[in-house]
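Asks: Fold the following.
(one chain, ligands or ions: 2)
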Amino acid sequence: MENNIPKMILVVMGVSGSGKSTIARLLSKALGWEMREGDDLHPAANIEKMRHRIPLDDEDRRPWLAAIAQVIDTWRQEDQAGIITCSALKGSYRESLAAGRPEVCFIYLQGSKKLIQSRLAHRAGHFMPPELLDSQFADLEAPTGEERTVTVDISGTPEIIAEHILSKLRQLT
Ligand SMILES: Nc1ncnc2c1ncn2[C@@H]1O[C@H](COP(=O)(O)OP(=O)(O)O)[C@@H](O)[C@H]1O
Ligand SMILES: O=C(O)[C@H](O)[C@@H](O)[C@H](O)[C@H](O)COP(=O)(O)O
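Replies: Numbers count the residues shown, from 1 in each chain. Ligands and ions are numbered 1, 2, ... in the order given. Okay, here's the model as predicted:
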């Protein structure tokens, strides 16, 4: 139990630029839970595709989601809490990550295309081109009403968003 929050596995999700890495790092610091960057688990071909401004499809994402599930399963086997970033845009992807893994809780970073576009315009040193944002929103199936999901608005500062998530997680149990 950290900050009155029971051990769980958080999947920080949302479109590119919604703040997954930023917020996951803050949550990891606050909770002392290990954080993994989902971006690091893409096959090289996926990174190349995105670099060339080609959106990923279900087939491309299959091995990536499997690698994310593997990280989650390692934490489960070790009875560890953890935080991983993953866009998890579609309901079917979330189902594949959550099925048989009751420790998983999704944190959905919700924001408008306009706001996220403006943040991506200022992000440097990332392989993901801002031009792919339209395709991210086209694929997004927001997790409205799904179980074990916390939705937060991303218009505030990272610190406010993280605090908001922590307070919602405290109310989950
Ligand atoms: N709440 C926020 N307020 C202002 N800028 C933010 C906020 N969250 C993230 N950013 C900035 O927006 C950009 C995208 O955030 P990032 O964490 O890389 O998103 P993602 O991991 O979802 O692609 C980064 O430049 C980051 O510093
Ligand atoms: O199509 C997808 O499922 C996403 O694009 C996912 O692959 C991830 O979001 C990228 O790796 C970009 O990285 P950021 O989300 O960190 O911009």
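
Asks: from here on, contacts and neighbour counts on C-alpha atoms
Replies: Fine.

Asks: Whichever residue of the chain sits closest to ligand 2 and Leu133, how far apart?
Replies: Nearest residue of the chain to ligand 2, counting by C-alpha to the nearest ligand atom: Ser16, 3.4 Å away. According to C-alpha to C-alpha, to the nearest Å, Ser16 and Leu133 sit 7 Å apart.

Asks: Where do the strands of this protein begin and end?
Replies: Assigned by DSSP state E, the strands in the chain fall at 9-13, 34-36, 82-85, 104-110, 149-153.

Asks: do the fourth one and ligand 2 meet?
Replies: It stands for strand 104-110. No. With C-alpha under 6 Å from any ligand atom as the criterion, ligand 2 is not reached by strand 104-110; the gap is at least 11.3 Å.

Asks: ok, and what's touching that strand?
Replies: Residues outside strand 104-110 that contact it (C-alpha atoms under 8 Å, 6 or more residues apart in numbering) are 8-14, 18-20, 97-98, 143, 148-154, 165.

Asks: what separates that strand from the chain centre, distance-wise?
Replies: 7 Å (C-alpha atoms, centre = their mean, to the nearest Å).

Asks: cool, the first one as well?
Replies: Average the C-alpha atoms of strand 9-13, do the same for its chain, and the two points are 5 Å apart (C-alpha atoms, centre = their mean).

Asks: Okay, buried residues for the biggest helix by length in the chain please.
Replies: If you go by DSSP state H, the chain has its longest helix at helix 58-77. Residues Arg61, Trp64, Leu65, Ala67, Ile68, Ala69, Val71, Ile72, Asp73, Trp75, Arg76 are the ones in helix 58-77 that count as buried (16 or more other C-alpha atoms under 10 Å).

Asks: Not counting its neighbours along the chain, what's nearest the second one?
Replies: Spatially, and ignoring its direct neighbours in sequence, Trp64 is nearest to His42 (5.2 Å; C-alpha to C-alpha, 6 or more residues apart in numbering).

Asks: near ligand 1, which residues of this structure show up?
Replies: By C-alpha under 6 Å from any ligand atom, the residues of the chain that approach ligand 1 are 16-22, 119-120, 122-123, 154, 156-158.

Asks: and the residues you listed, which are buried?
Replies: Ser16, Gly17, Ser18, Gly19, Lys20, Ser21, Leu120, Ile154, Pro158.

Asks: and of those, the nearest to His52?
Replies: Ser16 (15.5 Å; C-alpha to C-alpha).

Asks: How about the contacts made by the closest one?
Replies: Shown in contact with Ser16 (C-alpha under 8 Å, 6+ apart): Ser87, Met128, Leu133, Gln136.
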